[in-house]
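Here is a sequence with its predicted model. Questions after.
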Amino acid sequence: MSGSIFTRIIDGELPARFVWQDDVCVAFLSIAPIQPGHTLVVPRQEVAHWLDLDAGTWAHLNAVSRDIGSAIQRVWQPEKVGLMLAGLEVPHVHVHLLPIWSVDDLSFSNANSDADPGELDANADRLRAALA
């Protein structure tokens, strides 16, 4: 075992509900969603701080985040799709995307650490269908 928890997910050592995979990044649902559909966009390259990403990878993460954000908008029809970069909890760059109706919807204090696996599966299916 080596690398961040996200590297272990990307390498298939740990399970995830993937909604996007390409040569540069992956996206999967958070196992502790703040809101239904809370998705993480993660570069395959393990880099701790987004400022250390090369410009091409950063641009790609933004493009993928926009596509997934548009799918979240279609599926959950929130007032906005929130985008956050915090990076304190896992030392591997990741973009949080989630449907929001108020600024409080972005609070990590609202994370559901006991999310229903069936609901997570259904939300992943809905998001994959919207991305297809």
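Right, received. Where do you want to start? Residues are numbered from 1 along each chain as shown.

contacts and neighbour counts: CA atoms only from here.
Will do.

Show the subsequent helix or strand relative to the longest helix that the chain contains.
When the chain is parsed with DSSP state H, its longest helix is helix 55-76. Going down the chain from helix 55-76, the next helix or strand is strand 80-84, by DSSP states H and E.

what residues does the longest helix of the chain touch?
Applying C-alpha atoms under 8 Å, 6 or more residues apart in numbering, the contact partners of helix 55-76 are 24-25, 37, 41-43, 50, 80-81, 95, 97-99, 126-127, 130-131.

which among the residues you listed end up buried?
Burial by neighbour count, 16 or more other C-alpha atoms under 10 Å: within the contacts of helix 55-76 this picks out 25, 37, 41-43, 50, 80-81, 95, 97-99, 126-127, 130-131.

where does the most centrally placed residue in the chain fall, phi/psi-wise?
In the chain, the C-alpha nearest the mean C-alpha coordinate belongs to L40, at 1.1 Å (C-alpha atoms, centre = their mean). Note on L40: backbone dihedrals following degrees, to the nearest 10 are phi -110, psi 130.

OK, contacts around the nearest residue to it once chain neighbours are set aside?
With sequence-adjacent residues excluded and distances taken as C-alpha to C-alpha, 6 or more residues apart in numbering, L40 is closest to H96, at 4.8 Å. Residues counted as contacts of H96 (C-alpha under 8 Å, 6+ apart) are H38, T39, L40, V41, G82, L83, M84, L85.
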